[in-house]
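Peer 1: here is a sequence with its predicted model. Questions after.
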Amino acid sequence: MAGLGETLRRKRLLIVTGKGGAGKSTIAAALGLAAAGLGLHTIVAELSGQSRIARSLGRRGAGMHEVELAPRLMSISIDPREALREYLRLQLGALGTALMASRTVGYLTAATPGLGELVTIGKIWELARRERRTGRAQGYDLVIVDGPSSGQCLALLRSPATFAGIARAGPVAGQARAIARMLAASEVTGVLIAALAEELAVSETIMLCEQLERSPGMAIDGVLANRVYPRRFDDEDAHELARALDSTPDLPCRTALRAALSQHVRREAQEQQLARLSAATKGHGALELPLLPGRPPNRAALETLGERLVEGGR
Amino acid sequence: MSSAAIPPDTRVCICAGAGGVGKTTIAATVALGMASRGLKVAVITIDPARRLAESLGLEQLGNQPVRVPIEGLRSSVRSPEWRPGGELWAMMLDVRRTLDELVELLLDDERARGELLGNRVYQQLADAVAGTQEFTAVAKLYELDRTGDYDLLVLDTPPSRSALDFLDAPDRLTRFLESRALAAMLRSAGLGARVLGGGSAAMLRLLTRVTGIVLLEDVTAFLALLGELRGGFRERAAKVRQLLRDPRTAFLLVAVAEPGPVEETVFLARRLRSTHMRLGGIVINRVHHDEIADLDAGGVAEALRASLGASLARRVAENLREYHDQVEQDRVNERRLLRTLGLSRVIQIPQLDQDPHSVEALARLGRFLFASHDEHERLMAEVVS
């Protein structure tokens, strides 16, 4: 698959989703560094409220405050309750703050289905606007979202359209429609799917691709196969390794041979899954990303990963 | 009938942990292991990717348990442990249906029931509200426990970022239903939507006016209907809470030896302690293991050169060095987990070449889960020697 350099330059909003544990945060952070490196004013938005990306780059996160991680790279951690507070404050000023202090309102908003998703995507929309209402006045060139996992991400992406349908009139309905329009504009918004070259992760990715394709305007800009092992041994090597194992009594050597054989088997299994991914993405293939040393990876590792994401290659 | 993973007399085993650590697989392994030891076991999964169905060789799973054939397994399970008469049942939680069933069970008034099931807010509840999945999961667990049909229930918890939601679900719902705010709203809804009185009703009106969310009326109607469920829900939530704290309910925490999942496990274990829920055991899944104290990769390359040739021997040594680094990293993370929680042992499951995709593979995985301490050491050593 080709690199994501063009995608980073062209889009204004990129949402990274995929299976839990597939490395969405790592990929979002690496993309953020890469985009900033290309000269784009970028913000990486986390939705977990854990500020993991800021922490992995050695900064303390500050929730809804936009924090600088590197030149041209900011981060934010969006919490639905905070996003609602901010929204009401913008709409109503002091009255909005008073509303949020009301317990009734607290319960009501917690009970309103999809409101959390709506205000979250609303905040993302606000970040991606050219003319911001909060924070950096000139707006960002690119917003990268460290999104929720597959199923929850679909709910997030669909929430504005759902809401526009049920809240017929008023400012919320109008804004929900505007957000829905932006999400459906494939020249503005893109989705990246983080996958692992494992059977179940690939199945989940294929399912998500199908669901996204059924949503009008949703564009999948890339499938990223994370933690792909290097191709270190071929079948002939494996044959040699198995033969050596039969005649080697030494424990470290046996461990080395077993580890090598295991690496070969696992790499082969990944190969099969990469082929399935390739078929599911209509031959575009998945961008293969190497297993990074260290968990969580440090800045240097993230930068290397970012280069790989921009340049592409099998 | 015990193992390091599950204390004896456990009737409910809840597998919890960070996302992507293999909870579903571990839940299936526990269930299968206990079934092959003669118990009638049901495993409940919340797994949209149908992982459990796949590995159990079933086309799909529904909201009622179906039986999984395990008789062919006898040879994969060590013979002294095999007990005949066990049964394995599996189901996948259907959140919406479970919620509907609960409403039908708890709401006597037919008109109110119809109105609630037709309410727009209710209809979206199943996919939209965080915590619904968690609540229905424990509700289903309680339902199955009450039938007394099973010796053991194993629950695979939702892949939520914070497993806390799961523990809190019944309490949160009761607190809400008991709240004064709800009572005020119920009163105002009873008086008719337009004649709201009191501070909170004014707030509600203001919120509706400035946001234009007509939906708030549906929310109010929904909450009023929910009010009719109050008695039933309260009782139910209390029983569910009781079940979670029952001495025969044990939590099995699942992690991998990485900082994030370890952090989540520490958090969960502490939370279990502070809320008087029982920690059964901690499983570290996909552990890299070797028995090498001081790695001499150069020596290995040298020793293998004669049989493999210089190039291949060098690559093998390089691979071993990477593998050994991984082993040491895993050890550091595991030690941190043990030290932080003051525990002496976690159950390691080694990294396997393939994810278990069959009942047989799950049974092999089960050998690690159910082994005694000594046997476990022997099994781990076997993996690399």
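Peer 2: That came in fine, so what should we check first?
Peer 1: please make it C-alpha for all contacts and neighbour counts, starting now.
Peer 2: Fine.
Peer 1: right, is the host helix or strand of B:Leu88 up against chain A?
Peer 2: Assigned by DSSP states H and E, B:Leu88 falls within strand B:87-92. No. Judged by C-alpha under 8 Å from any C-alpha of the partner chain, strand B:87-92 stays clear of chain A, getting no closer than 15.9 Å.
Peer 1: which outside residues touch that strand?
Peer 2: Outside strand B:87-92, the residues that touch it by C-alpha atoms under 8 Å, 6 or more residues apart in numbering or on different chains are B:31-32, B:35-36, B:38-47, B:61-70.
Peer 1: buried sites along the very next helix or strand once past that strand?
Peer 2: Once strand B:87-92 ends, the next helix or strand along the chain (criterion: DSSP H and E) is helix B:95-106. Within helix B:95-106, the residues scored as buried using 16 or more other C-alpha atoms under 10 Å in any protein chain shown are B:95-96, B:98-100, B:102-103, B:106.
Peer 1: and the strands in the stretch 151-300 of chain A?
Peer 2: Per DSSP state E, counting those that start in this stretch, the stretch 151-300 of chain A carries strands over the ranges A:189-196, A:220-228, A:287-290.
Peer 1: quick one, which of those is nearest to chain B?
Peer 2: For chain B, the closest of the strands of the stretch 151-300 of chain A is strand A:189-196, at 10.9 Å, according to C-alpha to the nearest C-alpha.
Peer 1: tilt between the closest one and strand A:220-228?
Peer 2: Between the axes of strand A:189-196 and strand A:220-228, defined by axes from the mean of the first three to the mean of the last three C-alpha atoms, to 10 degrees, the angle is 20 degrees.
Peer 1: centre of the chain to strand A:189-196, how far?
Peer 2: With C-alpha atoms, centre = their mean, to the nearest Å as the basis, strand A:189-196 stands 6 Å off its chain's centre.
Peer 1: same question, stretch B:296-309
Peer 2: Distance, stretch centre to chain centre, for stretch B:296-309: 45 Å (C-alpha atoms, centre = their mean).
Peer 1: now swap in stretch A:56-69 and tell me
Peer 2: The answer for stretch A:56-69 is 17 Å, by C-alpha atoms, centre = their mean.
Peer 1: try stretch A:171-183
Peer 2: 22 Å.
Peer 1: any part of it near chain B?
Peer 2: Yes. Using C-alpha under 8 Å from any C-alpha, stretch A:171-183 reaches chain B at A:171-173.
Peer 1: so where's the chain shaky on pLDDT?
Peer 2: Unless you meant another one, I'm taking chain A. A:1, A:48-49, A:102-113, A:133, A:135-137, A:166-169, A:283, A:294-295, A:313-314 (pLDDT under 70).
Peer 1: meant chain B, my bad for not saying
Peer 2: Counting by pLDDT under 70, chain B contains low-confidence ranges at B:1-4, B:47-51, B:74-80, B:121, B:124-132, B:159-219, B:227, B:230.
Peer 1: possible to save the buried residues of helix B:95-106 as JSON lines with distance to chain A?
Peer 2: Converted to JSON lines, the buried residues of helix B:95-106 look like this (distance: C-alpha to the nearest C-alpha, whole Å):
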{"residue": "B:Val95", "distance to chain A": "14"}
{"residue": "B:Arg96", "distance to chain A": "14"}
{"residue": "B:Thr98", "distance to chain A": "18"}
{"residue": "B:Leu99", "distance to chain A": "15"}
{"residue": "B:Asp100", "distance to chain A": "17"}
{"residue": "B:Leu102", "distance to chain A": "18"}
{"residue": "B:Val103", "distance to chain A": "17"}
{"residue": "B:Leu106", "distance to chain A": "20"}
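Peer 1: from these, which single one is nearest B:Glu54?
Peer 2: B:Val95 (20.1 Å; C-alpha to C-alpha).
Peer 1: hmm, the closest one is touching B:Val138, no?
Peer 2: No. B:Val95 is beyond contact range of B:Val138, at 10.9 Å (criterion: C-alpha atoms under 8 Å).
Peer 1: before we move on, the earlier item: can you tell me which of the strands of the stretch 151-300 of chain A is most buried?
Peer 2: A comparison of the strands of the stretch 151-300 of chain A by mean neighbour count, using mean count of other C-alpha atoms under 10 Å in any protein chain shown, puts strand A:189-196 on top with a mean of 26.
Peer 1: paired strands for that strand, with orientation please.
Peer 2: strand A:13-18 (parallel), strand A:220-228 (parallel) (DSSP bridges).
Peer 1: tabulate these (JSON lines), appending distance to A:Leu157.
Peer 2: Output for those, formatted as JSON lines (distance: least, C-alpha to C-alpha, whole Å):
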{"stretch": "strand A:13-18", "distance to A:Leu157": "10"}
{"stretch": "strand A:220-228", "distance to A:Leu157": "13"}
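Peer 1: so which of these comes closest to A:Lys282?
Peer 2: Comparing those by C-alpha to C-alpha, strand A:220-228 comes nearest, at 11.2 Å.
Peer 1: returning to what we had before: pull out the buried members of the contacts of strand B:87-92.
Peer 2: Buried members of the contacts of strand B:87-92, scored by 16+ other C-alpha under 10 Å, are B:31-32, B:35-36, B:38-47, B:61, B:63-66, B:68, B:70.
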